[in-house]
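Novice: Sequence isn't available, so here's the structure alone:
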């Protein structure tokens, strides 16, 4: 607020200094006058100078300038240049982040290509003579060699990869130094508000130790696609960020790191004032996990989730009475995982976790991922139109390829939508007749091997099948479907379906 007051005072003082010509109209004739504080003939421009106002404005602007100088002095030593060399295959490949951290392709043809990349990093921790640098996963990639260069041009070539994570696009590397180095102060990104002043520090296009200024344009942004890490939200800023800034620091006016510059939205790869940074609060646990465990451990619920929007899941939100609510819908649950053990069911709509509101499926993934395993947390949800509360003890997310993540453990292994005119039109050649009522299958979880098939896939369900009955009860809506599917009084579930005009009966054992 002090800086904001000085800026306003400086602007006010400047407005006094400049006499603005004003047009007034009298007797139908335009006459030129001057603003307050002016006198004709005072100086070549005819404008008078108010020495007191000039001195006050200069003083305020100087204070702001010196403040930014001090922030830069504090931050520049902790932001480093990260240079990587990667031996790639013979075929030219495209990485969506290559342009961002200034990666240059090497040899082509029969010899393995050598790729060189340049990014930024932040010294975030020290343990004895070992210093740890936080950067982006896409900066280090599959680097065969990594070097770190400090602001004073000192280069460390024996750099080790401590750990990396694709879900948040973070990585930590380490090096040793007998000389004591400055470590960054990590701030609280949760305190950021739109309009806050921030500085971006990094090495854009190899121009070392570059500082740019802007504001926080937005908080809580989601990634636009799966090409950008989705297990985090982002800080949006208009501070200029370009190739080579990736992994660098976004800092507040205290010189505290509040974000890790990660990607920009730009049609031609240049800065247009749309930069995005991973909030530092989303990285703090990752830093410790990398150092202590070599990888990031995420809280694990054991579900498949989505947003039941009208385009992807027609009629679902309305049928489940959640069209006016914010949250994430459970499509399927993994058997034997925390979700099933705690009593979560397909069709549940989670609205709140551990005191945090859930806006959408991405937010649920982020919130659960941040929570520690083997601890109980409160979940609030909507089930069959009613509010329900559950306490769930999370597990550690299994590694990719783990049997726990196999489709064979996914119940029931399908998704449905409400049969309406929109669905009938989109069903194409399946031509769902108007007399056929129920819910249509949109997706069946099927892996690439016979051992990786969901119960629905093993039973023979297909997309576009229309489910009319479950255990002899008619299914008219998506809520009917989930009520009958989740009735655990029966171990076997029998489905009557219509498949391209033919009635078929399929059974699944829970």
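Specialist: Cool, got the structure. If you're wondering where the values come from, they're calculated on a predicted model, not measured in any experiment.

Novice: looking at it, residue 172 is touching residue 163, isn't it?
Specialist: Yes: if you go by Cβ atoms under 8 Å, residue 172 and residue 163 touch, sitting 5.7 Å apart. (Each C-beta comes from the backbone N, C-alpha and C, glycine too.)

Novice: And the helices in this protein?
Specialist: 2-17, 51-75, 137-140, 281-293, 316-319, 338-342, 361-370, 421-426, 455-459, 478-485 (DSSP state H).

Novice: any common contacting residues for residue 172 and residue 163?
Specialist: 290-291 (Cβ atoms under 8 Å, 6 or more residues apart in numbering).

Novice: So for these two, which sits in the more crowded spot?
Specialist: residue 172 (28 against 21; other Cβ atoms under 10 Å).

Novice: Run through the residues that contact that one.
Specialist: Per Cβ under 8 Å, 6+ apart, neighbours of residue 172: 124, 132-135, 162-164, 286-287, 290-291.

Novice: Now do the lengthiest strand in the chain: which elements does it pack against?
Specialist: Scanning the chain for the strand with the most residues, using DSSP state E, yields strand 113-127. On a contact count with 3 or more Cβ pairs under 8 Å, 6 or more residues apart in numbering; DSSP states H and E, strand 113-127 meets strand 79-88, strand 130-135, helix 137-140, strand 197-202, strand 257-264, helix 281-293.

Novice: most tightly surrounded among these?
Specialist: Of all the helices and strands packed on strand 113-127, strand 257-264 has the most neighbours on average by mean count of other Cβ atoms under 10 Å, namely a mean of 28.

Novice: Give me the angle between that one and strand 113-127.
Specialist: 170 degrees (axes from the mean of the first three to the mean of the last three Cα atoms, to 10 degrees).

Novice: Which residues does stretch 365-374 contact?
Specialist: Residues outside stretch 365-374 that contact it (Cβ under 8 Å, 6+ apart): 167, 230-233, 282, 285, 297-301, 305, 353-354, 356, 358, 377, 393-397.

Novice: Please repeat the previous calculation with a cut-off of 7 Å.
Specialist: 231-233, 285, 297-301, 353-354, 356, 358, 377, 393-396 (Cβ atoms under 7 Å, 6 or more residues apart in numbering).

Novice: can you check stretch 198-216 too?
Specialist: With contacts defined as Cβ under 7 Å, 6+ apart, stretch 198-216 is touched by 71-72, 75-76, 79, 81, 102, 118, 120, 151, 192-197, 235, 237-245, 248-252, 258, 261, 275.

Novice: picking that back up, could you export the helices and strands packed on strand 113-127 to TSV, including columns for mean pLDDT and distance to residue 337?
Specialist: Formatted as TSV, these follow (pLDDT from 0 to 100; distance: least, Cβ to Cβ, whole Å):
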stretch	mean pLDDT	distance to residue 337
strand 79-88	87	36
strand 130-135	98	31
helix 137-140	93	26
strand 197-202	95	40
strand 257-264	94	30
helix 281-293	95	21
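
Novice: Reformat those as TSV; add distance to residue 419.
Specialist: What follows is those, written out as TSV (distance: least, Cβ to Cβ, whole Å):
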stretch	distance to residue 419
strand 79-88	49
strand 130-135	50
helix 137-140	43
strand 197-202	50
strand 257-264	40
helix 281-293	41
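
Novice: tell me the pLDDT at residue 177?
Specialist: Listed pLDDT for residue 177 reads 96.

Novice: all strands of the stretch 201-350 of the chain, in order?
Specialist: Here the stretch 201-350 of the chain has its strands, by DSSP state E, counting those that start in this stretch, at 210-221, 234-237, 249-251, 257-264, 275-279, 299-300, 303-306, 328-334, 349-353.

Novice: among those, which is the most enclosed?
Specialist: strand 249-251 (a mean of 31).
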